[in-house]
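Colleague: need a structure here:
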Amino acid sequence: MIRLLIVLAVFIALEFYSFQLIRTLSRGHWWKWVYLAVSVLVILNVFLQFYLNPDRSQISASRDVAITITLAFFTLKLVFVLFMFGEDIYRSIEGLISTLSRKRESDQSFLPSRRAFLAKVGLAVAALPFGAILYGAWRGKYDYQVREYELTFDDLPDAFDGYKITQLSDIHVGSFDDKEEVKYAIDLANEQQSDLILFTGDLVNNEAKEMHGWESIFGSLKAKDGVYSVLGNHDYGDYVQWDTDEAKEENMQHLYKIQKDMGWRLMLDENEKITRGTDSISLVGVQNWGGGRFPKYGDLEKASQGLSKEEFKVLLSHDPTHWDLQVKDDDKKYHLTLSGHTHGMQFGIEIPGFIKLSPAWFVYKKWAGIYKEAGQFLNVNRGFGFLGYSGRAGIWPEITVITLKKG
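Modeller: Reported below is the predicted structural model:
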(Lines give C-alpha, C1' and ligand atoms only; values in the text may rest on other atoms or scores of the structure.)
Protein backbone atom coordinates (compact mmCIF):
# COMPACT_ATOMS: atom_id res chain seq x y z
CA MET A 1 0.00 0.00 0.00
CA ILE A 2 2.89 2.39 0.77
CA ARG A 3 4.39 1.79 -2.68
CA LEU A 4 1.00 2.32 -4.26
CA LEU A 5 0.58 5.65 -2.44
CA ILE A 6 4.03 6.79 -3.62
CA VAL A 7 3.12 5.91 -7.20
CA LEU A 8 -0.19 7.73 -6.77
CA ALA A 9 1.63 10.83 -5.51
CA VAL A 10 3.87 10.80 -8.59
CA PHE A 11 0.83 10.50 -10.83
CA ILE A 12 -0.88 13.43 -9.10
CA ALA A 13 2.21 15.64 -9.42
CA LEU A 14 2.56 14.74 -13.08
CA GLU A 15 -1.13 15.33 -13.62
CA PHE A 16 -1.05 18.74 -11.95
CA TYR A 17 1.73 19.99 -14.20
CA SER A 18 0.29 18.52 -17.39
CA PHE A 19 -3.16 19.96 -16.61
CA GLN A 20 -1.67 23.44 -16.27
CA LEU A 21 -0.20 23.02 -19.73
CA ILE A 22 -3.45 21.72 -21.21
CA ARG A 23 -5.43 24.54 -19.60
CA THR A 24 -3.06 27.08 -21.14
CA LEU A 25 -3.44 25.49 -24.55
CA SER A 26 -7.23 25.17 -24.35
CA ARG A 27 -7.66 28.93 -23.82
CA GLY A 28 -11.02 28.57 -22.11
CA HIS A 29 -12.35 25.64 -24.21
CA TRP A 30 -14.35 22.91 -22.46
CA TRP A 31 -12.17 19.98 -23.57
CA LYS A 32 -9.66 20.61 -20.77
CA TRP A 33 -12.31 19.33 -18.35
CA VAL A 34 -12.79 16.18 -20.43
CA TYR A 35 -9.04 15.66 -20.25
CA LEU A 36 -9.10 16.05 -16.47
CA ALA A 37 -12.07 13.70 -16.04
CA VAL A 38 -10.41 10.95 -18.11
CA SER A 39 -7.17 11.31 -16.17
CA VAL A 40 -8.94 11.04 -12.81
CA LEU A 41 -10.87 7.96 -13.94
CA VAL A 42 -7.68 6.24 -15.15
CA ILE A 43 -5.86 6.82 -11.85
CA LEU A 44 -8.92 5.91 -9.75
CA ASN A 45 -9.43 2.69 -11.72
CA VAL A 46 -5.92 1.33 -11.22
CA PHE A 47 -6.00 2.30 -7.54
CA LEU A 48 -9.29 0.45 -7.00
CA GLN A 49 -8.06 -2.61 -8.90
CA PHE A 50 -5.18 -3.05 -6.45
CA TYR A 51 -7.13 -1.94 -3.38
CA LEU A 52 -9.98 -4.36 -4.06
CA ASN A 53 -7.60 -7.19 -4.95
CA PRO A 54 -4.29 -6.59 -3.11
CA ASP A 55 -3.08 -10.19 -3.64
CA ARG A 56 -0.95 -9.76 -6.76
CA SER A 57 -0.55 -13.54 -7.07
CA GLN A 58 -4.15 -13.71 -8.31
CA ILE A 59 -4.60 -13.25 -12.03
CA SER A 60 -7.04 -10.47 -12.93
CA ALA A 61 -7.89 -9.46 -16.50
CA SER A 62 -9.44 -6.20 -15.32
CA ARG A 63 -6.30 -5.33 -13.38
CA ASP A 64 -4.13 -6.07 -16.42
CA VAL A 65 -6.28 -3.76 -18.55
CA ALA A 66 -6.08 -1.05 -15.86
CA ILE A 67 -2.29 -1.31 -15.75
CA THR A 68 -2.02 -1.11 -19.54
CA ILE A 69 -4.27 1.97 -19.81
CA THR A 70 -2.54 3.68 -16.89
CA LEU A 71 0.91 2.97 -18.33
CA ALA A 72 -0.15 4.32 -21.72
CA PHE A 73 -1.49 7.58 -20.24
CA PHE A 74 1.46 7.91 -17.87
CA THR A 75 3.92 7.60 -20.78
CA LEU A 76 1.92 10.09 -22.83
CA LYS A 77 1.97 12.68 -20.06
CA LEU A 78 5.58 12.02 -19.09
CA VAL A 79 6.88 12.63 -22.61
CA PHE A 80 4.66 15.69 -22.99
CA VAL A 81 5.71 17.14 -19.63
CA LEU A 82 9.42 16.53 -20.23
CA PHE A 83 9.08 18.18 -23.62
CA MET A 84 7.41 21.26 -22.14
CA PHE A 85 9.59 21.35 -19.04
CA GLY A 86 12.59 21.77 -21.31
CA GLU A 87 10.84 24.68 -22.96
CA ASP A 88 10.10 26.20 -19.53
CA ILE A 89 13.77 26.08 -18.62
CA TYR A 90 14.76 27.62 -21.94
CA ARG A 91 12.14 30.36 -21.50
CA SER A 92 13.39 31.11 -17.99
CA ILE A 93 16.94 31.48 -19.28
CA GLU A 94 15.68 33.77 -22.04
CA GLY A 95 13.83 35.87 -19.47
CA LEU A 96 16.91 36.17 -17.31
CA ILE A 97 19.06 37.21 -20.25
CA SER A 98 16.37 39.71 -21.29
CA THR A 99 16.29 41.19 -17.80
CA LEU A 100 20.04 41.48 -17.61
CA SER A 101 20.21 43.11 -21.03
CA ARG A 102 17.27 45.41 -20.11
CA LYS A 103 15.18 44.46 -23.12
CA ARG A 104 11.59 45.57 -23.11
CA GLU A 105 8.91 43.00 -22.21
CA SER A 106 7.29 43.57 -25.61
CA ASP A 107 10.33 41.98 -27.22
CA GLN A 108 9.16 38.66 -25.77
CA SER A 109 5.68 38.77 -27.28
CA PHE A 110 6.48 35.85 -29.59
CA LEU A 111 6.85 33.44 -26.63
CA PRO A 112 3.17 32.38 -26.23
CA SER A 113 2.92 31.36 -29.89
CA ARG A 114 6.18 29.45 -29.66
CA ARG A 115 4.98 27.68 -26.53
CA ALA A 116 1.69 26.70 -28.17
CA PHE A 117 3.56 25.34 -31.20
CA LEU A 118 5.94 23.30 -29.04
CA ALA A 119 3.03 21.97 -26.98
CA LYS A 120 1.38 20.64 -30.14
CA VAL A 121 4.65 19.05 -31.25
CA GLY A 122 5.09 17.56 -27.77
CA LEU A 123 1.64 16.01 -27.85
CA ALA A 124 2.33 14.56 -31.29
CA VAL A 125 5.62 13.04 -30.10
CA ALA A 126 4.01 11.69 -26.90
CA ALA A 127 1.27 10.00 -28.94
CA LEU A 128 3.85 7.58 -30.41
CA PRO A 129 4.67 5.65 -27.20
CA PHE A 130 1.00 5.94 -26.17
CA GLY A 131 -0.07 4.12 -29.32
CA ALA A 132 2.82 1.65 -29.06
CA ILE A 133 1.79 0.56 -25.56
CA LEU A 134 -1.81 -0.02 -26.65
CA TYR A 135 -0.64 -1.94 -29.73
CA GLY A 136 1.71 -4.00 -27.56
CA ALA A 137 -1.20 -5.10 -25.39
CA TRP A 138 -3.32 -5.93 -28.44
CA ARG A 139 -0.86 -7.69 -30.76
CA GLY A 140 2.74 -7.12 -29.71
CA LYS A 141 2.74 -9.61 -26.83
CA TYR A 142 2.42 -12.47 -29.32
CA ASP A 143 4.71 -11.10 -32.01
CA TYR A 144 7.34 -13.83 -31.55
CA GLN A 145 10.79 -13.21 -33.01
CA VAL A 146 13.49 -15.79 -33.74
CA ARG A 147 16.90 -14.26 -33.00
CA GLU A 148 19.87 -16.18 -34.36
CA TYR A 149 23.48 -15.89 -33.21
CA GLU A 150 26.65 -17.70 -34.25
CA LEU A 151 29.28 -17.80 -31.50
CA THR A 152 32.86 -18.92 -32.09
CA PHE A 153 35.08 -20.66 -29.52
CA ASP A 154 38.68 -21.78 -29.96
CA ASP A 155 38.28 -24.64 -27.52
CA LEU A 156 34.91 -25.99 -28.67
CA PRO A 157 35.15 -29.80 -29.07
CA ASP A 158 35.28 -30.72 -32.77
CA ALA A 159 32.13 -32.85 -32.68
CA PHE A 160 30.09 -29.83 -31.55
CA ASP A 161 31.06 -27.53 -34.40
CA GLY A 162 27.68 -26.34 -35.72
CA TYR A 163 25.75 -27.47 -32.64
CA LYS A 164 22.43 -25.61 -32.32
CA ILE A 165 20.82 -24.51 -29.07
CA THR A 166 17.35 -22.99 -28.75
CA GLN A 167 16.83 -20.89 -25.63
CA LEU A 168 13.47 -19.90 -24.15
CA SER A 169 13.03 -17.88 -20.98
CA ASP A 170 10.40 -16.20 -18.80
CA ILE A 171 7.29 -17.97 -20.06
CA HIS A 172 5.06 -16.63 -17.23
CA VAL A 173 2.28 -18.96 -18.30
CA GLY A 174 -0.27 -17.43 -15.93
CA SER A 175 -0.36 -14.26 -18.02
CA PHE A 176 -1.37 -15.88 -21.32
CA ASP A 177 -4.88 -15.53 -22.73
CA ASP A 178 -4.53 -17.13 -26.18
CA LYS A 179 -3.49 -20.79 -26.47
CA GLU A 180 -3.38 -20.75 -30.25
CA GLU A 181 -0.80 -17.97 -30.30
CA VAL A 182 1.34 -19.76 -27.73
CA LYS A 183 1.06 -23.06 -29.61
CA TYR A 184 2.22 -21.26 -32.75
CA ALA A 185 5.30 -20.05 -30.87
CA ILE A 186 6.13 -23.52 -29.55
CA ASP A 187 5.79 -24.93 -33.08
CA LEU A 188 8.10 -22.14 -34.25
CA ALA A 189 10.67 -23.18 -31.64
CA ASN A 190 10.48 -26.81 -32.78
CA GLU A 191 10.88 -25.76 -36.39
CA GLN A 192 14.41 -24.55 -35.60
CA GLN A 193 15.39 -28.23 -35.31
CA SER A 194 18.00 -27.48 -32.68
CA ASP A 195 20.09 -30.15 -31.00
CA LEU A 196 19.12 -28.89 -27.57
CA ILE A 197 16.39 -26.73 -26.00
CA LEU A 198 17.21 -24.82 -22.81
CA PHE A 199 14.73 -22.93 -20.64
CA THR A 200 16.16 -20.36 -18.24
CA GLY A 201 13.43 -19.90 -15.64
CA ASP A 202 10.14 -18.26 -14.65
CA LEU A 203 7.76 -20.86 -16.01
CA VAL A 204 4.93 -19.46 -13.86
CA ASN A 205 4.08 -16.13 -12.28
CA ASN A 206 3.51 -17.48 -8.77
CA GLU A 207 1.91 -20.92 -8.50
CA ALA A 208 2.39 -24.28 -10.19
CA LYS A 209 -1.34 -24.62 -10.87
CA GLU A 210 -1.02 -21.91 -13.54
CA MET A 211 0.41 -24.67 -15.75
CA HIS A 212 -2.81 -26.70 -15.66
CA GLY A 213 -4.12 -27.04 -19.20
CA TRP A 214 -0.82 -25.94 -20.76
CA GLU A 215 1.19 -29.12 -20.19
CA SER A 216 0.53 -30.61 -23.62
CA ILE A 217 1.60 -27.42 -25.42
CA PHE A 218 4.90 -26.93 -23.60
CA GLY A 219 5.44 -30.67 -23.36
CA SER A 220 5.54 -30.75 -27.17
CA LEU A 221 8.95 -29.04 -27.16
CA LYS A 222 11.38 -31.55 -28.66
CA ALA A 223 15.11 -31.62 -29.41
CA LYS A 224 17.63 -34.37 -30.19
CA ASP A 225 19.39 -34.00 -26.86
CA GLY A 226 16.33 -33.07 -24.85
CA VAL A 227 14.85 -30.08 -23.01
CA TYR A 228 16.64 -28.78 -19.91
CA SER A 229 15.46 -26.09 -17.50
CA VAL A 230 16.29 -24.10 -14.36
CA LEU A 231 14.17 -22.07 -11.96
CA GLY A 232 13.63 -18.31 -11.97
CA ASN A 233 12.71 -16.05 -9.06
CA HIS A 234 8.96 -16.38 -9.75
CA ASP A 235 9.00 -20.19 -9.71
CA TYR A 236 9.61 -20.47 -5.96
CA GLY A 237 6.25 -19.02 -4.93
CA ASP A 238 7.92 -16.29 -2.90
CA TYR A 239 5.37 -13.67 -3.97
CA VAL A 240 2.40 -15.59 -2.51
CA GLN A 241 1.16 -15.44 1.06
CA TRP A 242 1.02 -19.17 1.84
CA ASP A 243 -1.03 -20.46 4.78
CA THR A 244 1.80 -22.77 5.84
CA ASP A 245 5.36 -23.64 4.89
CA GLU A 246 4.07 -27.07 3.92
CA ALA A 247 1.70 -25.52 1.36
CA LYS A 248 4.57 -23.63 -0.23
CA GLU A 249 6.70 -26.78 -0.40
CA GLU A 250 3.79 -28.72 -1.89
CA ASN A 251 3.51 -26.08 -4.61
CA MET A 252 7.24 -26.45 -5.30
CA GLN A 253 7.02 -30.22 -5.59
CA HIS A 254 4.04 -29.84 -7.92
CA LEU A 255 6.09 -27.62 -10.22
CA TYR A 256 8.91 -30.18 -10.23
CA LYS A 257 6.47 -32.93 -11.20
CA ILE A 258 4.90 -30.87 -13.99
CA GLN A 259 8.28 -30.29 -15.60
CA LYS A 260 9.22 -33.95 -15.25
CA ASP A 261 5.91 -35.08 -16.76
CA MET A 262 6.48 -32.73 -19.72
CA GLY A 263 9.82 -34.43 -20.34
CA TRP A 264 11.91 -31.48 -19.16
CA ARG A 265 15.10 -32.13 -17.19
CA LEU A 266 15.05 -29.60 -14.35
CA MET A 267 18.56 -28.85 -13.09
CA LEU A 268 18.91 -27.87 -9.43
CA ASP A 269 22.54 -26.85 -8.89
CA GLU A 270 23.93 -29.73 -10.93
CA ASN A 271 25.61 -30.56 -14.23
CA GLU A 272 25.26 -33.10 -16.97
CA LYS A 273 27.33 -34.04 -20.03
CA ILE A 274 26.13 -34.05 -23.62
CA THR A 275 28.29 -36.42 -25.68
CA ARG A 276 29.13 -36.82 -29.35
CA GLY A 277 31.42 -39.78 -29.80
CA THR A 278 34.46 -39.13 -27.61
CA ASP A 279 33.72 -35.39 -27.31
CA SER A 280 31.43 -33.75 -24.78
CA ILE A 281 30.16 -30.44 -23.46
CA SER A 282 28.80 -29.88 -19.96
CA LEU A 283 25.47 -28.30 -19.11
CA VAL A 284 25.47 -26.56 -15.74
CA GLY A 285 22.14 -25.56 -14.20
CA VAL A 286 22.09 -23.24 -11.20
CA GLN A 287 19.07 -22.16 -9.19
CA ASN A 288 18.12 -18.49 -9.15
CA TRP A 289 20.90 -16.20 -7.97
CA GLY A 290 20.16 -12.52 -8.37
CA GLY A 291 21.63 -9.21 -7.35
CA GLY A 292 19.85 -6.68 -5.16
CA ARG A 293 16.53 -7.75 -3.66
CA PHE A 294 16.22 -10.97 -5.68
CA PRO A 295 16.77 -14.31 -3.92
CA LYS A 296 20.07 -16.15 -3.98
CA TYR A 297 19.11 -19.81 -3.95
CA GLY A 298 21.79 -20.98 -6.37
CA ASP A 299 25.14 -22.53 -5.55
CA LEU A 300 27.52 -22.23 -8.50
CA GLU A 301 30.26 -24.27 -6.84
CA LYS A 302 27.86 -27.14 -6.15
CA ALA A 303 26.40 -26.93 -9.65
CA SER A 304 29.84 -27.29 -11.28
CA GLN A 305 31.18 -29.92 -8.92
CA GLY A 306 33.49 -32.36 -10.69
CA LEU A 307 34.11 -30.11 -13.69
CA SER A 308 37.50 -28.76 -14.73
CA LYS A 309 38.40 -25.40 -16.22
CA GLU A 310 39.24 -27.02 -19.56
CA GLU A 311 35.83 -28.60 -20.11
CA PHE A 312 33.47 -26.67 -22.39
CA LYS A 313 30.55 -25.46 -20.30
CA VAL A 314 27.12 -23.96 -20.99
CA LEU A 315 25.60 -22.42 -17.86
CA LEU A 316 21.89 -21.83 -17.28
CA SER A 317 21.36 -19.01 -14.76
CA HIS A 318 18.10 -17.05 -14.75
CA ASP A 319 19.33 -13.64 -13.60
CA PRO A 320 22.05 -11.94 -15.73
CA THR A 321 23.41 -10.04 -12.73
CA HIS A 322 24.81 -13.40 -11.61
CA TRP A 323 27.23 -13.29 -14.57
CA ASP A 324 28.82 -10.00 -13.49
CA LEU A 325 28.82 -10.78 -9.77
CA GLN A 326 30.10 -14.37 -9.84
CA VAL A 327 30.22 -16.23 -13.11
CA LYS A 328 32.61 -14.39 -15.44
CA ASP A 329 35.40 -14.23 -12.84
CA ASP A 330 35.06 -17.84 -11.71
CA ASP A 331 38.19 -19.94 -12.17
CA LYS A 332 36.30 -22.74 -13.90
CA LYS A 333 35.41 -20.57 -16.92
CA TYR A 334 31.86 -20.80 -18.24
CA HIS A 335 32.12 -20.45 -21.99
CA LEU A 336 28.46 -19.56 -22.56
CA THR A 337 25.92 -18.39 -19.99
CA LEU A 338 22.22 -18.21 -20.83
CA SER A 339 19.95 -15.89 -18.81
CA GLY A 340 16.64 -14.03 -19.02
CA HIS A 341 14.76 -12.26 -16.21
CA THR A 342 14.82 -8.66 -17.52
CA HIS A 343 12.13 -9.01 -20.25
CA GLY A 344 13.85 -5.95 -21.72
CA MET A 345 11.14 -4.23 -19.62
CA GLN A 346 8.80 -5.27 -22.50
CA PHE A 347 9.11 -1.77 -23.91
CA GLY A 348 11.73 0.01 -25.97
CA ILE A 349 13.16 0.67 -29.40
CA GLU A 350 15.38 -1.76 -31.28
CA ILE A 351 16.79 -1.39 -34.79
CA PRO A 352 19.43 -4.12 -35.32
CA GLY A 353 22.86 -2.63 -35.82
CA PHE A 354 21.69 0.92 -35.02
CA ILE A 355 19.86 1.34 -31.74
CA LYS A 356 18.81 -0.64 -28.66
CA LEU A 357 17.01 1.39 -25.99
CA SER A 358 14.78 0.38 -23.09
CA PRO A 359 14.07 1.49 -19.51
CA ALA A 360 15.78 -1.81 -18.59
CA TRP A 361 19.08 -0.01 -19.21
CA PHE A 362 18.57 1.97 -15.99
CA VAL A 363 18.27 -1.24 -13.94
CA TYR A 364 20.52 -3.81 -15.58
CA LYS A 365 24.01 -3.51 -17.06
CA LYS A 366 23.19 -6.38 -19.39
CA TRP A 367 19.55 -6.61 -20.34
CA ALA A 368 19.17 -8.06 -23.86
CA GLY A 369 21.25 -9.90 -26.43
CA ILE A 370 24.84 -11.11 -26.58
CA TYR A 371 27.66 -9.81 -24.36
CA LYS A 372 31.31 -10.91 -24.35
CA GLU A 373 33.98 -10.42 -21.70
CA ALA A 374 37.13 -12.32 -20.76
CA GLY A 375 36.60 -14.77 -23.61
CA GLN A 376 33.15 -15.75 -22.30
CA PHE A 377 29.69 -15.09 -23.73
CA LEU A 378 26.41 -14.16 -22.05
CA ASN A 379 23.05 -14.15 -23.79
CA VAL A 380 20.14 -12.36 -22.12
CA ASN A 381 16.91 -13.61 -23.67
CA ARG A 382 14.17 -10.96 -23.88
CA GLY A 383 11.57 -13.42 -22.64
CA PHE A 384 8.77 -15.51 -24.11
CA GLY A 385 5.88 -14.15 -22.05
CA PHE A 386 4.94 -11.00 -20.18
CA LEU A 387 4.13 -9.84 -16.68
CA GLY A 388 2.64 -6.71 -15.12
CA TYR A 389 2.12 -4.85 -18.37
CA SER A 390 0.22 -7.39 -20.47
CA GLY A 391 1.95 -6.50 -23.67
CA ARG A 392 5.19 -5.87 -25.51
CA ALA A 393 6.08 -2.77 -27.48
CA GLY A 394 9.36 -2.70 -29.39
CA ILE A 395 10.90 -5.45 -27.22
CA TRP A 396 9.18 -8.46 -28.76
CA PRO A 397 8.89 -11.98 -27.28
CA GLU A 398 11.95 -13.99 -28.22
CA ILE A 399 13.08 -17.44 -29.30
CA THR A 400 16.87 -17.52 -29.34
CA VAL A 401 18.84 -19.87 -31.59
CA ILE A 402 22.58 -20.07 -30.92
CA THR A 403 24.95 -22.01 -33.17
CA LEU A 404 28.30 -22.99 -31.64
CA LYS A 405 31.24 -22.74 -34.04
CA LYS A 406 34.83 -23.92 -33.77
CA GLY A 407 37.30 -21.04 -34.11
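Colleague: Strands of the protein, start to end?
Modeller: Secondary structure of the chain, counting by DSSP state E: strands at 145-153, 163-168, 196-199, 227-229, 264-266, 270-276, 279-285, 313-316, 336-339, 349-351, 355-357, 369-373, 376-380, 398-406.
Colleague: Please name whichever of those is nearest to residue 36.
Modeller: For the strands of the chain, the distance to residue 36 is smallest for strand 349-351, at 30.8 Å, taking CB to CB. In short, each C-beta sits where N, CA and C put it, glycine included.
Colleague: could you give me the average pLDDT of the closest one?
Modeller: What strand 349-351 shows for mean pLDDT is 90.
Colleague: Can you tell me which helices and strands it packs against?
Modeller: Here strand 349-351 is seen to pack against strand 355-357 when contacts are counted using 3 or more CB pairs under 8 Å, 6 or more residues apart in numbering; DSSP states H and E.
Colleague: want to throw the strands of the chain into a markdown table with distance to residue 129 and mean neighbour count?
Modeller: Compiled in a markdown table, the strands of the chain are given as follows (distance: least, CB to CB, whole Å; neighbours: other CB atoms under 10 Å):
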| stretch | distance to residue 129 | mean neighbour count |
| --- | --- | --- |
| strand 145-153 | 20 | 14 |
| strand 163-168 | 28 | 24 |
| strand 196-199 | 31 | 25 |
| strand 227-229 | 34 | 22 |
| strand 264-266 | 37 | 19 |
| strand 270-276 | 44 | 15 |
| strand 279-285 | 38 | 21 |
| strand 313-316 | 34 | 25 |
| strand 336-339 | 27 | 26 |
| strand 349-351 | 9 | 13 |
| strand 355-357 | 12 | 14 |
| strand 369-373 | 22 | 15 |
| strand 376-380 | 23 | 24 |
| strand 398-406 | 21 | 21 |
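Colleague: Export these as a markdown table, with columns for distance to residue 244.
Modeller: What follows is the strands of the chain, written out as a markdown table (distance: least, CB to CB, whole Å):
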| stretch | distance to residue 244 |
| --- | --- |
| strand 145-153 | 42 |
| strand 163-168 | 33 |
| strand 196-199 | 29 |
| strand 227-229 | 27 |
| strand 264-266 | 24 |
| strand 270-276 | 28 |
| strand 279-285 | 29 |
| strand 313-316 | 31 |
| strand 336-339 | 33 |
| strand 349-351 | 45 |
| strand 355-357 | 45 |
| strand 369-373 | 42 |
| strand 376-380 | 36 |
| strand 398-406 | 38 |
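Colleague: To residue 302, which of the ones you listed lies closest?
Modeller: Evaluated with CB to CB, these place strand 270-276 nearest to residue 302, the distance being 7.7 Å.
Colleague: okay, the angle between the closest one and strand 279-285?
Modeller: What separates the directions of strand 270-276 and strand 279-285 is an angle of 150 degrees, with axes from the mean of the first three to the mean of the last three CA atoms, to 10 degrees.
Colleague: Distance check, the spatially most central residue of the chain against residue 296.
Modeller: The geometric centre of the chain, computed from its C-alpha atoms, lies nearest to residue 343 (CA atoms, centre = their mean), at 1.5 Å. From residue 343 over to residue 296 the distance is 20 Å, taken as CB to CB, to the nearest Å.
Colleague: How about residue 11?
Modeller: When distances are taken as CB to CB, residue 11 and residue 296 turn out to be 34 Å apart.
Colleague: Of those two, which one has the most company?
Modeller: In this view residue 11 and residue 296 are compared by other CB atoms under 10 Å, and residue 11 has more residues nearby, 19 against 14.
Colleague: quick one: the more buried one and residue 222, what's the gap?
Modeller: Distance, residue 11 to residue 222, using CB to CB: 47 Å.
Colleague: Number of residues surrounding residue 114?
Modeller: Summarising burial for residue 114: neighbours were counted as other CB under 10 Å, giving 14.
Colleague: Without its sequence neighbours, what residue ends up closest to it?
Modeller: The spatially closest residue to residue 114, leaving aside those adjacent along the chain, is residue 87, at 8.0 Å (CB to CB, 6 or more residues apart in numbering).
Colleague: Check what pLDDT the one you found gets.
Modeller: What the model reports for residue 87 is a pLDDT of 71.
Colleague: if I pick residue 79, what's in contact with it?
Modeller: Contacts for residue 79 (CB atoms under 8 Å, 6 or more residues apart in numbering) come out as 122, 125, 126, 129.
Colleague: Now do the closest residue to the third one other than its chain neighbours against residue 122, distance only.
Modeller: Leaving aside its sequence neighbours, residue 126 sits nearest to residue 79 (CB to CB, 6+ apart; 3.8 Å). Here residue 79 is placed at a distance of 7 Å from residue 122 (CB to CB).
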